[in-house]
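Student: Please find the sequence and the predicted model below.
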Amino acid sequence: MRNQELDIRPSPQNAGAEAPLLELVGVTKAFPAVLANDNVSLKIAPGEIHAILGENGAGKSTLVKTIYGVLAPDAGEIRWRGEAVEIRNPAHARALGIGMVFQHFSLFETLTVAENISLATPKTAAKLVPSITEIGERFGLPVDPHALVHSLSVGERQRVEIIRCLLQDPRLIIMDEPTSVLPPSGIPALFETIRRLADQGRAVLFISHKLEEIRALCHKATIMRGGKVVTEAVDPTQETNESLARLMIGRDIPHPRRAAATPADAAAMEVRDLTYVPADPFGTTLSDVSLALRPGEIVGIAGVSGNGQKELAAILSGETLLPPRQQDRIVINGRSCGAADSGKRRDLGFAFVPEERHGRGAVPEMNLKKNVILTAHSFGLANRGFIKRPAARAFAKQCIDQMDVHCSGWDAEARSLSGGNLQKFIVGREIRLGPKILLAAQPTWGVDVGAAAAIRQHLVDLRDNGVAILIISDELEELLEIADRLHVIFRGHLSPSIDRVDADSALIGDFMTGGFLPGQPNGEAVPS
Amino acid sequence: MMRLPWVIETKTERSTSAPLIAPFAAVAITVCAGVIILSILGVSPGKALFFLYFAPFSSGFNISEVFLKMGPLLLIAQGLAIGFRAKVWNIGAEGQLLLGAIGGSLLPIFFNDSQNPLMLPAMALVGGCFGMGWAAIAAWLRARYNANEILVTLMLNSIALQLLFYLVSGPLRDPLGFNFPQSALFPDVGMLPILFSGFRVNISIFFAIGVSLLAWLFVERSMTGYKLEVGGTAPDAARYAGFSEARAIWLSLLIGGTAAGLAGVFEVAGPLGQLQRVVSPGYGFAAIIVAFLGGLRAIGILFAAFFMAVIFVGGDIAQTSAGVPFSVNIVLQGILLVTYLAARVFVDYRVRFGTRRRIPAGAG
């Protein structure tokens, strides 16, 4: 079935310019539950930095996977240098000249840079060293080929991924949310590299949902919503954040209503001089962490991921237990809890939204009704050791309704929900527990903009009702929007508290690279 | 890079009947395999089919034997399944059964002329505790020192067997028994009531069915059963919710050990009537297969135990009628487990040949 020829609006910039490198015409891909790509058309010229902008679930990843040969389109045509091609698999895509840098790195920590790269090519590590250095110099990607990967910062690891991709001499480079892993200080260098690639005539497909970055970097943007292209080839430099956001979500971005915080004096939860060496050799050691959380305030913890956030969250939640002699290091409502497991902490009014939804915050194989029992069992869902199924069902239904969770009902298995939807469900469940203290790690990660705003509003409302809230997030914008004060975590050290009014990106960016530590050279954030 | 010519991927959608496919496929293949194996051993296919799968229903005695063997299989498998759902792999039911038999034999041996009607319940209590205690060794080693419970329970089987050999040829041997390695016969109060005179099946089958109901209630409805299941399917979620891992290990092993111990008591207080060197024809191991074949669910296990009992009785009949070796039984059990596990792979995953993707017709 051939699709009808589409009316492609020529972009003002590219009209009459050279032939497109890659062209998609009417690409459609359906999954059992959702039409992920609906008649998507797109053109990318050589030397162009082209953004694909859209919320989570807009169909960006499906589109990228189609271009990279991971998925086959149900209908539509992919034209590469003017010829229709059927990209069979990623190896075929690479052979054509399409490279990809993934959001999540696939590097072996115990191997060197050159060894890691050699795994992807027939050449030996020793022979690759000169080309790694050469590419590094040419594109501003300095990295020591002999360094072991576990000693590298996230920025350096990303450079390794990019070099690995460039060794194949691709004409089109797909970058999937490349800035999401970087500290703010690492972003300009990446942009410089991308610009150099474009200057050489290579095209870059830049996937993001961060509007500022797209406006600063990209020549063109294709905006997707609900699997469809809503606007093709807008010039992002001519747009504002607001206008792009409106195109992306179809309406204005809602901002939470918030009044000034009126925290109580006595801390609901305290961490006192906590030093913790994790059992995991690649974990981050926490050093002298002190933190007080008062009822009626939202405290944020910012930082590049991998600087101790996971370790801190697990210690606060009781998933990692301190030895009994360190019982006093963590105090919840006046009770020492260092060695108390998460069940006991919940009994004291603690609730927790973890970063991982599938397998931690929810059991993927169980339905939503059973998943509310996980933490809400002592809230009337069990009687004399037996589960009260109607009550659990009602609880699950309320969570689904309150948070507008898209699912087939309370009997839907948790694994059938998208990460964002499951997150809404988990947040709803934890909020319904009526906590006194709520810890949320990456509360809106993977959640679409509208739902994220709803979650933030719920958090602010909880705060106004006197709940003490701690938010650990990689997204600085989120913290600046809802936190009353901030700490920054760097290599397991926690910065002094920054008040909302004093928090600007410059100061926080400085703290994120260790600027608050005495005598700390202002280096890059190392995730181990 | 080396690539296999096929790819195994998770099925995204699963039909509701899918869980039933694997056990039925396994049973069908086992039935065929039994006929083929016996044919190779010189039994005609028709006779092989009859001996193995129809003869067990051919007479009242044989039917009674099927239910007699179903009892311990069902009891043990229900106990094990609870642990398996929590991913605690107790494969020491055989040893726990032997300990239960030893414990259950103590009272009738030392009070051999007792008339006390509480003898049987007391035997069950002591035997159950012995089985539980034997499993507790593995639970303690796992919870305290993280010693792998698979290895510990497996090795405890051998220790239990040697302990039994020592006891029946020494301290518990019948002094009037001409030095045979067996205990005195139990008094009547120490024997399970027979259901039909002339047949060996006794009331323990009702007990096993009752335990199945309790197991269903425990697994499907109780908070403790829920916690065990969460611990088994998503350990991080259990830690997040504050469900203790050590508690799950202890509960799983103690329940399995108690059930196996009771099965041991019912063997010595039922068909055997005394403690002897051979207490079980491998019920403890066969029950592992029963638990899996039943999909680790109480109702499925009921059917699986029945089928396994048929294989046991059919194998015995083939052995006596056609002179095939006893190993045929064990071979069939093995085939049953392997085919079940293999069938599960095909139910949960899809195997795709060729690395080339199928392109739907009409694609550009």
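Tutor: Cool, got the structure.

Student: alpha carbons only for contacts and neighbour counts from here, please
Tutor: Will do.

Student: B:Y283 against B:L74, yeah?
Tutor: No. Under the contact definition of Cα atoms under 8 Å, B:Y283 does not touch B:L74, with a separation of 9.5 Å.

Student: When these two are compared, which one has more neighbours?
Tutor: In this comparison of B:Y283 against B:L74, neighbours counted by other Cα atoms under 10 Å in any protein chain shown, the higher total goes to B:L74 at 34 against 28.

Student: which ones are touching that one?
Tutor: Residues in contact with B:L74 (Cα atoms under 8 Å, 6 or more residues apart in numbering or on different chains) are B:208-209, B:212, B:287, B:290, B:301-302, B:305-306.

Student: State the helix or strand in which it lies.
Tutor: When elements are defined using DSSP states H and E, B:L74 is found to belong to helix B:60-85.

Student: So for that helix, what gets flagged as buried?
Tutor: Neighbour-count burial for helix B:60-85 flags B:62-85 (criterion: 16 or more other Cα atoms under 10 Å in any protein chain shown).

Student: Mind checking what helix or strand follows that helix in sequence?
Tutor: Using DSSP H and E, the next helix or strand after helix B:60-85 towards the C-terminus is helix B:93-110.

Student: which helices and strands does that following helix pack with?
Tutor: If you count contacts as 3 or more Cα pairs under 8 Å, 6 or more residues apart in numbering or on different chains; DSSP states H and E, helix B:93-110 packs onto helix B:119-145, helix B:149-169, helix B:245-267, helix B:283-293.

Student: can you do 10 Å?
Tutor: Using 3 or more Cα pairs under 10 Å, 6 or more residues apart in numbering or on different chains; DSSP states H and E as the contact criterion, the elements in contact with helix B:93-110 are helix B:60-85, helix B:119-145, helix B:149-169, helix B:245-267, helix B:283-293.

Student: near chain A at all, the second one?
Tutor: No. Between helix B:119-145 and chain A, judged by Cα under 10 Å from any Cα of the partner chain, nothing touches; the nearest distance is 15.4 Å.

Student: packing partners for that helix?
Tutor: Contacting helix B:119-145 under the criterion 3+ Cα pairs under 10 Å, 6+ apart are the following elements: helix B:93-110, helix B:149-169, helix B:245-267.

Student: Columns distance to A:R393 and mean pLDDT on top of those helices, output as TSV?
Tutor: Formatted as TSV, the helices and strands packed on helix B:119-145 follow (distance: least, Cα to Cα, whole Å; pLDDT from 0 to 100):
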stretch	distance to A:R393	mean pLDDT
helix B:93-110	37	97
helix B:149-169	36	96
helix B:245-267	25	96
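
Student: okay, the ones you listed in a markdown table with mean neighbour count and distance to B:I137 next?
Tutor: A markdown table is the format used below for the helices and strands packed on helix B:119-145 (neighbours: other Cα atoms under 10 Å in any protein chain shown; distance: least, Cα to Cα, whole Å):
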| stretch | mean neighbour count | distance to B:I137 |
| --- | --- | --- |
| helix B:93-110 | 29 | 11 |
| helix B:149-169 | 18 | 8 |
| helix B:245-267 | 28 | 9 |
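
Student: Out of those helices, the one nearest B:I8 is which?
Tutor: Distances from B:I8 to each of the helices and strands packed on helix B:119-145 were compared using Cα to Cα; the minimum, 27.9 Å, belongs to helix B:149-169.

Student: And the helix or strand following that closest one, how far out from the chain middle?
Tutor: Secondary structure here is assigned by DSSP H and E; on that basis, the next helix or strand after helix B:149-169 toward the C-terminus is helix B:204-221. Relative to its chain's centre, helix B:204-221 lies at 15 Å (Cα atoms, centre = their mean, to the nearest Å).

Student: Would helix B:204-221 count as contacting chain A?
Tutor: Yes. Using Cα under 10 Å from any Cα, helix B:204-221 reaches chain A at B:217-218, B:220-221.

Student: So among those residues, which ones count as buried?
Tutor: B:218, B:220-221.

Student: Now the stretch 401-528 of chain A against chain B: closest residue?
Tutor: Of the residues in the stretch 401-528 of chain A, the one nearest chain B is A:S416, at a distance of 9.1 Å by Cα to the nearest Cα.

Student: surely that residue meets A:A362?
Tutor: No. Counting by Cα atoms under 10 Å, A:S416 sits too far from A:A362 to count as a contact (11.8 Å).

Student: Next, show the common contact partners of those two.
Tutor: Contact with both A:S416 and A:A362 is made by residues A:L422, according to Cα atoms under 10 Å, 6 or more residues apart in numbering or on different chains.

Student: So those two - more neighbours on which side?
Tutor: Using other Cα under 10 Å, the more surrounded residue of A:S416 and A:A362 is A:A362, with 32 against 17.

Student: Report the contact partners of the more buried one.
Tutor: With contact set as Cα under 10 Å, 6+ apart, A:A362 has these partners: A:354, A:356, A:368, A:370-372, A:374-375, A:413-415, A:422-423, A:425-426, B:230, B:234, B:236-238, B:240-241.

Student: Could you do B:A305 as well?
Tutor: B:66-67, B:69-78, B:286-287, B:289-291, B:293-294, B:311.

Student: same thing but at 6 Å, please
Tutor: Shown in contact with B:A305 (Cα atoms under 6 Å, 6 or more residues apart in numbering or on different chains): B:70, B:73-74, B:290.

Student: ok, now A:K65?
Tutor: Neighbouring residues of A:K65 by Cα under 6 Å, 6+ apart: A:L71.

Student: what ranges of the stretch 401-528 of chain A fall below the confidence cut-off?
Tutor: A:446, A:519-528 (pLDDT under 70).

Student: the helices in it, which residues?
Tutor: Remark: helices assigned in the stretch 401-528 of chain A by DSSP state H, counting those that start in this stretch are A:419-432, A:449-464, A:476-482, A:505-512.
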